[in-house]
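Novice: Provided below are the primary sequence and the corresponding predicted coordinates.
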Amino acid sequence: MRRIASLMLALAAILPLKAATDYIQNVYGRQIQMLNGKWGAIVDQYDRGLKKKIYANPHPKGKTDFYEYDLDGSSRLNVPGDWNSQRQELRYYEGTVWYGRHFTARREAGKRQFLYFAGVSQRCNVYLNGQKLASHEGAFTPFQVEVTEALKDGDNILVVEVSNQRLKDAIPALQFDWWNYGSITRDVMLVTLPNRYISYYQVQLDKHQPDLIHAKVCLSEAVAGETICIEIPEVKQSIKLRTNTDGIAESSFRVKRLERWSPEHPKRYEVRLSSSEDAVSEQIGFRNIEVRGTKVLLNGRETFLRSVSFHEEIPQRMGRAYSEGDAAYLLSEAKALGVNTIRLAHYQQNEYIVREAEKMGIMVWQEIPVWQDIDFGNTTTCSLAKQMLRETIMRDVNRCADCFWGIANETKDGEARNAFLRELLQTGKDLDSTRLYTAAFNTAVWDKQRKCFHLDDGMIPYLDIISINRYMGWYSAWPLPPAECRWEVASEKPLFISEFGGEALYGQTGDATVVSSWSEDHQEKLYRDNIEMFEQIPNLCGISPWVLFDFRSPYRMHPDHQDGWNRKGLVSDQGLRKRAWHVVHDYYLRK
Ligand code: GCU
């Protein structure tokens, strides 16, 4: 499958400084026709589908023509959902699959209609009624394409060419420690909007002030003088704004007796936005998140981040999580552990998870999958990373639970990488300067002379929080007893332990001092030792065990203990809590 045209990346670069002409935010709050369900699927291992015109889904007409495929008659795959877990023979498949389905639609005069994809892994081309309409690169962010002209009244054939091929210049690149799920892994819908609609808006509390709300509303057209109304009925707030020549209206206003969102009190308000042709509303929470010295302050109060990570995966299904129910399951297990934060590893996870975390009162660290070895010298790769960060922020900008944007995981210090990450930071801050920016480093080293961990990295001055992945007792032996292992890392900033832990096969017992026992005894001791060490770190602002659930990975091939699973979970692939789960739970009760 051919790669996305760089034009698509360049187009994304202008959002949302100008009117976001075809962007859709808060899609679930819009008039939508879900296109989920059983789609026809053709595995195209040698990429012959384009030449064979699968996108047109033709059927023989005369006596002499024939086609060696038929989307209508082919076997079915569920959308949303990865193909790896739906068919045994596709478990390891990397390549192209052509998806197709018919749907009945009604064109609506004076309206604009779009196809919206919440996530397609990893890249795709979209065809409607035989016409190519869009391409998208990036498995974890939504995109939309206008179909107002291409849509037919009645029957339409939608065809999506999907590839999960790993590529050196993609994000993530050729290597990553999670399953390379392919497919239309999230919701697909037809969205109908007014001709001139509210395409993008930010309604956020000021970074530092407890009662000052900043609002920015973009129309889908660069038209001046349009009246925009913003209402928050519960606090009797209603303001009217006028758009500028870019179709953007901005204002700031104070609200008395605003209840700020927090894990303890996940308060949200109904916010209504309207223009002459459009009206949209949703629940929005308001909070301040900031750093002061080595502290993280939520609503002005020092907050210790009791975190954990999980992949967007339901272990019992051995497949991608994609539904509201999946989100509720993953987050309820995290909440039971006692977290107030979740690090959604290592990529932007679906909107249900972020909205559910907000409802449950869990702060969220979202990140883009700039994971280890990325082609940092490649400008197209950098544009792709900026597109992903932009698409993440634009989707979630009104999600007060999103407190941290992670821009990289375990990348190596160097001029190309630092320039790449600084560009990412600039892209993020141009869109949203209220959240805290961080990156996870695995390059903290033990200094034998000074008897402490320290980190030299050119990106430290640019980040709000310094995050460290360090596997003491698993990948690294203890140089001293845990309580004597000091840390001198970014002493003037908050230090977050973004990953630590070790593997254990649920129910396996063994010698707690032997790593290769893969025993719960060893994992439990490892957790006690690491927590004892972390308690000595003067600028510690939080910890995040890696990982809540055992997860699928082609990295992990030990025949007895792993068999394609990374076993660092505190919970097994069958949803059973290991002994280390209780060590973390008890610790979080004390924090
Ligand atoms: C790394 C990486 C994770 C990986 C983990 C592990 O720190 O960030 O994605 O799964 O180590 O080795 O289990």
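Specialist: Alright, I've got the coordinates. Numbers count the residues shown, from 1 in each chain.

Novice: Surely residue 304 and residue 591 touch.
Specialist: Yes. Assessed by Cβ atoms under 8 Å, residue 304 is found in contact with residue 591 at 5.1 Å. Any C-beta I mention is one placed from the backbone N, CA and C, and that applies to glycine too.

Novice: These two: who's more crowded?
Specialist: Taking neighbours as other Cβ atoms under 10 Å, residue 304 and residue 591 compare with residue 304 leading, 15 against 11.

Novice: Enumerate every residue touching the more buried one.
Specialist: 541-542, 591 (Cβ atoms under 8 Å, 6 or more residues apart in numbering).

Novice: So the residue nearest to the spatial centre of the chain, which state does it fall into?
Specialist: What sits nearest the mean C-alpha location of the chain, by Cα atoms, centre = their mean, is residue 348, with 0.9 Å. In three-state terms, and counting by DSSP: H, G, I helix; E, B strand; the rest coil, residue 348 is coil.

Novice: That one touches residue 388, doesn't it?
Specialist: Yes. Here residue 348 reaches residue 388: they are 7.1 Å apart, a contact under Cβ under 8 Å.

Novice: any residues in contact with both of these two?
Specialist: 140-141, 368.

Novice: ok, and what's touching stretch 31-50?
Specialist: 1-2, 54-55, 69, 71-80, 83, 90, 93, 95-101, 103, 105, 115-116, 158, 161, 184, 187-193.

Novice: Take those residues and keep only those in helices.
Specialist: Judged by DSSP state H, helices contain none of the contacts of stretch 31-50.

Novice: Buried ones among these?
Specialist: 1, 54-55, 69, 71, 74, 77-80, 83, 90, 93, 95-101, 103, 105, 115-116, 158, 161, 184, 187-193 (16 or more other Cβ atoms under 10 Å).

Novice: out of those, which are inside strands?
Specialist: Mapping the buried ones among the contacts of stretch 31-50 onto strands (DSSP state E) picks out 77-79, 96-101, 103, 105, 115-116, 158, 161, 188-193.

Novice: and this protein, which residues reach the ligand?
Specialist: Contacts of the chain with the ligand, taken as Cβ under 6 Å from any ligand atom, map to 177, 346, 409-410, 442, 469, 499, 546, 566, 568.

Novice: cutoff 8 Å now
Specialist: Neighbours of the ligand within the chain, by Cβ under 8 Å from any ligand atom: 176-178, 345-346, 371-372, 409-410, 440, 442, 469, 471, 475, 499, 501, 503, 546-547, 551, 553, 555, 566, 568.

Novice: Among these, the buried ones, what's the PyMOL command?
Specialist: Typed into PyMOL, the line below selects the buried ones among these, using 16+ other Cβ under 10 Å:
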select buried, resi 176+177+178+345+346+371+372+409+410+440+442+469+471+499+501+503+546+547+551+553+566+568
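
Novice: Checking the residue of the chain positioned farthest from its centre next. Helix, strand or coil?
Specialist: Distance to the chain centre peaks in the chain at residue 63, reaching 50.8 Å (criterion: Cα atoms, centre = their mean). Assigned by three-state DSSP, the conformation of residue 63 is coil.

Novice: ok, so what distance separates it from residue 52?
Specialist: 20 Å (Cβ to Cβ, to the nearest Å).

Novice: Stretch 429-447: end-to-end distance?
Specialist: 35 Å (Cα to Cα, to the nearest Å).

Novice: Quick one: mean pLDDT for that stretch?
Specialist: Regarding stretch 429-447, the rounded mean pLDDT is 96.

Novice: Using neighbour counts, pick out the buried residues of that stretch.
Specialist: Buried, per 16+ other Cβ under 10 Å, within stretch 429-447: 431-432, 434-442, 444, 446.

Novice: Nearest spatial neighbour of the closest residue to the ligand within the stretch 401-550 of the chain, chain-adjacent residues omitted?
Specialist: Closest approach between the stretch 401-550 of the chain and the ligand, counting by Cβ to the nearest ligand atom: residue 469, at 4.1 Å. Distances taken as Cβ to Cβ, 6 or more residues apart in numbering place residue 499 nearest to residue 469, at 3.6 Å, with adjacent residues excluded.

Novice: Local confidence estimate at that neighbour?
Specialist: 98.

Novice: That one touches residue 470, doesn't it?
Specialist: Yes. At 7.4 Å, residue 499 and residue 470 qualify as touching, with contact defined as Cβ under 8 Å.

Novice: residues shared between the contacts of the two?
Specialist: By Cβ under 8 Å, 6+ apart, residue 499 and residue 470 have these common neighbours: residue 442.

Novice: ok, the residue nearest to the centre of the chain - contacts?
Specialist: Counted by Cβ under 8 Å, 6+ apart, residue 348 has contacts 140-141, 366-368, 388, 391-392, 395-396.

Novice: let's see it at 7 Å
Specialist: Neighbour list for residue 348: 140-141, 366, 368, 392 [criterion: Cβ atoms under 7 Å, 6 or more residues apart in numbering].

Novice: what do you get for residue 418?
Specialist: So residue 418 contacts 458-459 (Cβ under 7 Å, 6+ apart).

Novice: Got the phi and psi for residue 40?
Specialist: When read as degrees, to the nearest 10, the backbone of residue 40 gives phi -70, psi 150.

Novice: Identify the bridge partners of it.
Specialist: Residue 40 has these beta-bridge partners by DSSP bridges: residue 76, residue 100.

Novice: What is the burial count for the spatially closest residue to residue 80 that is not a sequence neighbour?
Specialist: Leaving aside its sequence neighbours, residue 80 sits nearest to residue 322 (Cβ to Cβ, 6+ apart; 4.2 Å). Using other Cβ under 10 Å, residue 322 has 27 other residues around it.

Novice: where do the helices sit along the stretch 251-400 of the chain?
Specialist: 324-337, 351-360, 379-396 (DSSP state H, counting those that start in this stretch).

Novice: Output those as JSON lines; include the columns mean pLDDT and mean neighbour count.
Specialist: Shown next, in JSON lines, are the helices of the stretch 251-400 of the chain (pLDDT from 0 to 100; neighbours: other Cβ atoms under 10 Å):
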{"stretch": "helix 324-337", "mean pLDDT": "98", "mean neighbour count": "18"}
{"stretch": "helix 351-360", "mean pLDDT": "98", "mean neighbour count": "22"}
{"stretch": "helix 379-396", "mean pLDDT": "97", "mean neighbour count": "22"}
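
Novice: can those go into CSV with extra columns for distance to residue 577?
Specialist: Shown next, in CSV, are the helices of the stretch 251-400 of the chain (distance: least, Cβ to Cβ, whole Å):
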stretch, distance to residue 577
helix 324-337, 9
helix 351-360, 19
helix 379-396, 30
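
Novice: Domain map for the protein?
Specialist: Domain segmentation of the chain under automatic domain parsing yields 7-194, 198-290, 291-590.

Novice: any chance you could map the strands in the stretch 451-591 of the chain?
Specialist: 452-454, 465-469, 486-488, 495-499, 540-543, 551-552, 565-566 (DSSP state E, counting those that start in this stretch).

Novice: how about those, which one is nearest residue 261?
Specialist: strand 540-543 (18.2 Å; Cβ to Cβ).

Novice: starting at the chain centroid, how far to the closest one?
Specialist: 22 Å (Cα atoms, centre = their mean, to the nearest Å).

Novice: And it, what does it pack against?
Specialist: Contacts defined by 3 or more Cβ pairs under 7 Å, 6 or more residues apart in numbering; DSSP states H and E place strand 540-543 against strand 305-306, strand 495-499.

Novice: List the contacts of the residue nearest to residue 80.
Specialist: Residue 322 neighbours (Cβ under 7 Å, 6+ apart): 80-81, 185-186, 350.

Novice: Please apply the same query to residue 506.
Specialist: 572, 576, 578.

Novice: As TSV, those with pLDDT would be great.
Specialist: Shown next, in TSV, are the contacts of residue 506 (pLDDT from 0 to 100):
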residue	pLDDT
572	98
576	98
578	98
